[in-house]
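Participant: I'll drop the sequence and a predicted model, then ask my questions.
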Amino acid sequence: MCKKFFKQLEKYYKLYLEQGFAPIKLLWEEQAIPFSERIQVRTLKGTITGRAEGISDTGVLFVRDDEGKQHSVYSADIEFEN
């Protein structure tokens with residue numbers, strides 16, 4: 001299992017070195033968070049409830065809260081609301 005993980009990591013690291021972050025960003029957006037679903041984002045500053053809108057070219061997650069304010073999230077625990 002570890003061997004498979006490191007093979008995949010190496011594959012994406014090579015992709016990053018050859019083409020930059022853009023293709024990694026596209027893969028993440030396709031597979032990570034469904035943008036139509038509500039999420040709770042827990043950071044050291046508090047909890048944000050809203051919807052993910054995407055990520056920046058540097059990997060920052062954009063979340064729009066229920067009041068319409070956009071937040072830049074650098075590190076957090078994220079849960080889907082049911």
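Facilitator: Okay, I see it.

Participant: May I ask you to confirm that Gly50 is in contact with Val63?
Facilitator: Yes - using C-beta atoms under 8 Å, Gly50 is in contact with Val63, at 5.1 Å. From N, CA and C alone the C-beta is placed, and that goes for glycine too.

Participant: from what I can see Thr43 touches Ser75, true?
Facilitator: Yes - shown here, Thr43 and Ser75 form a contact pair, counting by C-beta under 8 Å, at 6.9 Å.

Participant: How far off centre is stretch 29-40?
Facilitator: Chain-centre distance of stretch 29-40: 8 Å, with C-alpha atoms, centre = their mean, to the nearest Å.

Participant: same check, this time on stretch 45-58
Facilitator: Counting by C-alpha atoms, centre = their mean, stretch 45-58 comes out at 8 Å from the chain centroid.

Participant: quick one: average pLDDT of that stretch?
Facilitator: Mean per-residue pLDDT for stretch 45-58: 92.

Participant: higher neighbour count, Thr43 and Ser75?
Facilitator: More crowded of Thr43 and Ser75, by other C-beta atoms under 10 Å: Thr43, with 15 against 8.

Participant: Contacts only, for that one.
Facilitator: Counting by C-beta atoms under 8 Å, 6 or more residues apart in numbering, Thr43 touches Val73, Ser75, Ala76.
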